[in-house]
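Participant: Predicted model, plus sequence, below.
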Amino acid sequence: MLLPRRCPLCLRPGPAPCDRCAAGVPRAVPAPAPPGCDDALALFAYAGEGRRLITSLKFGNHRDGVPRLGAALAATVPGRPDVVTWVPTTAHRRRERGFDHAEVLARAVARRLGCPARRLLRRCDEGHQTGRNRAERRVGPSLAPRHRCPSTVLVVDDVWTTGSSLSAAADALRSVGAQIVLARTLAMTPPPATVGREESIAESAGPGSPPYGGQACRLG
Ligand SMILES: [Zn+2]
């Protein structure tokens, strides 16, 4: 039986997330792309309802929102990359949750863009970003390439905290042939000074928002 989609935030059947909840998700603040990335963008801030949305996907195994979030991310990508990949979670987390949320998201983005999704990166560490403080996260995960990489690659991840994961991914991909590395994440951790000054995505971001440098955009 095909179950109706439910909004991961209010749990009402219908669009996931629903328009009302999407309007309450705070926008990301503009930020320069992490070193190694030609451009980078987060859909929303990792705060309030934005944090709840990530938690529902990551820890609640609530994947109803993936198609809409994937479509919103895909809409920010200029042109069509040669391949879409993701920052892999640790083997431990993957076993614990039964899936890699970044992979699920990346595959949804690739489907929308009409390009292949490939596992191009592997982790050389088993450290967990979750629970580490900002200084510890700045070091980032240790990533290595698994294959040769085509010229233009889009890297997808869930949360952009310091940018170290995206930079590590870009470095690894460039070492095996990537020329242009684009990065897209669902959420971005707001810099400490901006917490409390969040605006909602629906209020502040129009369809003409430039898709570069950490600008926010609409969820649907
Ligand atoms: Zn809702």
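Facilitator: All right, it came through fine.
Participant: Run a quick neighbour tally on A45.
Facilitator: When neighbours are counted by other Cβ atoms under 10 Å, A45 registers 25. The C-beta positions use only the backbone N, C-alpha and C, and glycine is treated the same way.
Participant: before we move on, what about S175?
Facilitator: Applying other Cβ under 10 Å, we find 11 residues neighbouring S175.
Participant: Assess the claim that it and P145 are in contact.
Facilitator: Yes. Applying Cβ atoms under 8 Å, one finds S175 in contact with P145, separated by 6.1 Å.
Participant: any idea where the helices of the protein begin and end?
Facilitator: Counting by DSSP state H, the chain has helices at residues 19-23, 48-58, 66-74, 91-97, 101-113, 134-139, 164-174, 201-204.
Participant: Quick check: buried residues in the fourth one?
Facilitator: The reference is to helix 91-97. R93 (16 or more other Cβ atoms under 10 Å).
Participant: CA atoms only: put that helix into CSV for me.
Facilitator: In CSV, the C-alpha atoms belonging to helix 91-97 read as follows (Å, rounded to 0.1, in the frame of the first residue of the first chain):
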residue,chain,number,x,y,z
ALA,A,91,30.4,3.3,8.5
HIS,A,92,29.3,3.2,12.1
ARG,A,93,26.6,5.8,11.5
ARG,A,94,25.5,4.1,8.3
ARG,A,95,25.1,0.8,10.1
GLU,A,96,23.3,2.5,13.0
ARG,A,97,20.8,4.3,10.8
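Participant: so who does the spatially most central residue of the chain touch?
Facilitator: Centroid-nearest residue in the chain: T185, 2.2 Å away (criterion: Cα atoms, centre = their mean). Listed by Cβ atoms under 8 Å, 6 or more residues apart in numbering, the contact partners of T185 are 40-43, 156-160, 166.
Participant: Restrict the residues you listed to those that also contact the ion, please.
Facilitator: When contact is defined as Cβ under 5 Å from the ion, the contacts of T185 do not meet the ion at all.
Participant: Tell me the one among the residues you listed nearest to V25.
Facilitator: For the contacts of T185, the closest approach to V25 (Cβ to Cβ) belongs to L43, at 8.2 Å.
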